[in-house]
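>>> After the sequence you'll find the predicted model.
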Amino acid sequence: MKQILVLAKYDQAEALRVAAGQTLLDDQVRVDVIGDLEDSAAVGEQKEVLDFADVPCDTLAAEHPETIHRIARHILAADVVFLL
């Protein structure tokens, strides 16, 4: 079983959609959102899918000093990383 990390920075709706699609492979998926989660219908729809699939989705403050360390730990633990 692979560990998949999706970093949502530039296109959150697409990143969440990709993460939702990865759940079909029966791999462990995690999402780190860099910055605040957008308040849009597309993001909300994909977030519901991820919540239903019990995919961890953390929101990390871009300006917080600990953010880079958390992302680095998650990257090192992952087999595959998507940055969208």
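Everything's here; your move.

>>> C-alpha only now, for contacts and for neighbours.
OK.

>>> Can you give me the distance of residue 66 to residue 41?
Using CA to CA, to the nearest Å, residue 66 is found at 30 Å from residue 41.

>>> Nearest residue to the middle of the protein?
When the chain is reduced to its mean C-alpha position, the nearest residue by CA atoms, centre = their mean turns out to be residue 31, at 1.7 Å.

>>> Shouldn't it be within a helix?
No - applying DSSP: H, G, I helix; E, B strand; the rest coil, one finds residue 31 to be strand, outside a helix.

>>> Pretty sure it sits against residue 54.
No - contact criterion CA atoms under 8 Å: residue 31 and residue 54 do not qualify, at 11.1 Å.

>>> mind listing the strands for the protein?
Applying DSSP state E to the chain gives strands spanning 3-8, 28-34, 57-60, 80-83.

>>> Tell me, how many residues neighbour residue 38?
By other CA atoms under 10 Å, the residues close to residue 38 number 13.

>>> what does residue 8 give?
Neighbour count for residue 8, taken as other CA under 10 Å: 25.
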